[in-house]
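Undergrad: give me coordinates for this.
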Amino acid sequence: MVYIVFYDKKKGLNMFKNRLLIMTTTYKFRLYPKKAEEEKLETAKEVCRQTYNHLLAELNEGYTKNEIQNFILDLKVAYPEMSDVHSKVLQMENQRLFGNLSSLSHLKKKGHKVGRLRYKGRNWFKTFTYNQSGFLLTHIRGKKGILWLSKIGDIPVKLHRKVEGNIKNITIKKSNGRWYASISSDFVQKRTCGTKEIGIDVGMMNYIYDSEGNTYENPNHFDNYHSKLKVAQQSLSKKEKGSNSRRKARIKFAKIHEKIANARDDFIHKLSAKLIKESKFIAIEKLNIKNLMLISYNAKNIADASWGKPRMYLHYKAESAGCVVQDVDPAYTTMDCSFCGARNNKLELSRRKFVCEKCNKEIPRDYNSALNILARGKELALMEKASNTEQLVQQGVSMKSEALSMGMG
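TA: Numbers count the residues shown, from 1 in each chain. This next block holds a predicted model:
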């Protein structure tokens, strides 16, 4: 699995509005540690958890970031077991702490109700990171490889694809009894875009309906695994709390959910890559999915569809392909006629055909919406382009005036 992440050091993670300064590619591989290495991984994870909690306690006392960073040296004296963990890994817990604090601040500025940072319990801490040093990845043959981690040792890894570029950091994660390595490199995959200009309407029956009349069927990942989930849930509910059998049943249940998530991500990744490869301009509706789930009786299917991910994946893949992805307000895209512009306020959700009361045009409901999304997207793209051009002109005039005034002085 490969992800491309865009990161702005000054403004934080923002894929859509801010200028993207740094691009990295992240590869996710499965680790197969032996018993000795797994114990060391567990120890490192636990030490990092305790370090994070100690640093959070210092933050609550009002200490600054640099003071808290230096506090790690005092902790090593008080807790000798911290010497069994690579120093860079412990320092990254300070970065994690202030990263979480920055995220809370960002959410608060957007109007969300946020609380305080919480201490991490044993079951709520799953990752630790090697940054810049303390690791070495070696390919042996085929898909076999070895990942060496400082203070832990050699761990067999399944390299299902080649890691391109220079490795910047490696995040180790434990999920459902399995260990994974997320390897970030400075490689940026170069994609190519096509020539189409399309609008995209997302839905339930058809996962995507575009403005050219193409449809992509909803795979309904949750329904495909519903029977297995039901059996696993019933088995879990019968186990005694705190018992080893309940722990095993919980992991089995979680693994099914993980399969669903992986299948969903795989489908959306392939679909978004196909759309980018075929198109140079894509307009897609920006839905308020949280509100839709609150007011709809179909919340489970909305969550399973994960409508936010196609938009997110299209944005970051378009950045490296030179394709333009334009977000569009979905209001009235279904009710407005894409041919004459007349609005039909009586259109019920059960009616899958759109019939215009003014021009008598009859087309599929989702197709009409996709055409409206494309038209709005093009209009918004032209407005943004004109606005950016005006800003550049004003900036040039300002710089010229400043230069003239300096020359006169």
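Undergrad: is it true that Met205 touches Asn298?
TA: No. In this structure Met205 lies outside contact range of Asn298 using C-beta atoms under 8 Å: 11.5 Å. Every residue, glycine included, has its C-beta placed from N, CA and C.
Undergrad: so between those two, which is more surrounded?
TA: Between Met205 and Asn298, Asn298 has the larger neighbour count (other C-beta atoms under 10 Å), namely 13 against 10.
Undergrad: relative to Pro310, how far out is that one?
TA: Here Asn298 is placed at a distance of 18 Å from Pro310 (C-beta to C-beta, to the nearest Å).
Undergrad: repeat for Ser387
TA: From Ser387 over to Pro310 (counting by C-beta to C-beta), the distance is 27 Å.
Undergrad: and for Pro156?
TA: 35 Å.
Undergrad: with neighbour numbers in mind, choose between those two.
TA: Between Pro156 and Pro310, counting by other C-beta under 10 Å, Pro310 is the more crowded of the two (23 against 15).
Undergrad: from what I see, that one and Ser272 are in contact.
TA: Yes. Using C-beta under 8 Å, Pro310 is in contact with Ser272, at 5.8 Å.
Undergrad: which residues are common contacts for those two?
TA: Common neighbours of Pro310 and Ser272, using C-beta atoms under 8 Å, 6 or more residues apart in numbering, do not exist here.
Undergrad: following the lowest-mean-pLDDT helix or strand in the chain, which helix or strand shows up next?
TA: Lowest on mean pLDDT, DSSP states H and E among the helices and strands of the chain sits strand 2-7, with a mean of 47. Per DSSP states H and E, the first helix or strand lying C-terminal to strand 2-7 is strand 22-31.
Undergrad: could you list the buried residues of the next helix or strand after that next one?
TA: Once the chain leaves strand 22-31, the next helix or strand it forms, by DSSP H and E, is helix 35-60. Neighbour-count burial for helix 35-60 flags 37-38, 40-41, 44-45, 47-56, 58-59 (criterion: 16 or more other C-beta atoms under 10 Å).
Undergrad: tell me the angle of helix 35-60 relative to strand 22-31?
TA: 140 degrees (axes from the mean of the first three to the mean of the last three C-alpha atoms, to 10 degrees).
Undergrad: by contact count, what packs against whatever helix or strand Leu294 lives in?
TA: Per DSSP H and E, Leu294 falls inside helix 289-295. Using 3 or more C-beta pairs under 8 Å, 6 or more residues apart in numbering; DSSP states H and E, the elements in contact with helix 289-295 are helix 299-305.
Undergrad: pull the residues that contact the helix it packs on.
TA: With C-beta under 8 Å, 6+ apart, helix 299-305 has contacts from 202, 204, 207, 218, 220-223, 264, 289, 292-293, 296.
Undergrad: show me where the stretch 151-300 of the chain has helices.
TA: 221-224, 226-238, 244-278, 289-295, 299-305 (DSSP state H, counting those that start in this stretch).
Undergrad: so which of those helices gets nearest Ser175?
TA: Closest of these to Ser175 is helix 244-278, at 6.9 Å (criterion: C-beta to C-beta).
Undergrad: now that closest one: average pLDDT?
TA: Mean per-residue pLDDT for helix 244-278: 94.
Undergrad: packing partners of that helix?
TA: strand 196-202, helix 221-224, helix 226-238, helix 308-321.
Undergrad: just want the angle from the first one to helix 308-321.
TA: What it means is strand 196-202. Using the same axes, to 10 degrees: strand 196-202 against helix 308-321 is 160 degrees.
Undergrad: quick one: end-to-end distance for stretch 313-329.
TA: 18 Å (C-alpha to C-alpha, to the nearest Å).
Undergrad: I'm done for today, thanks for sticking with me.
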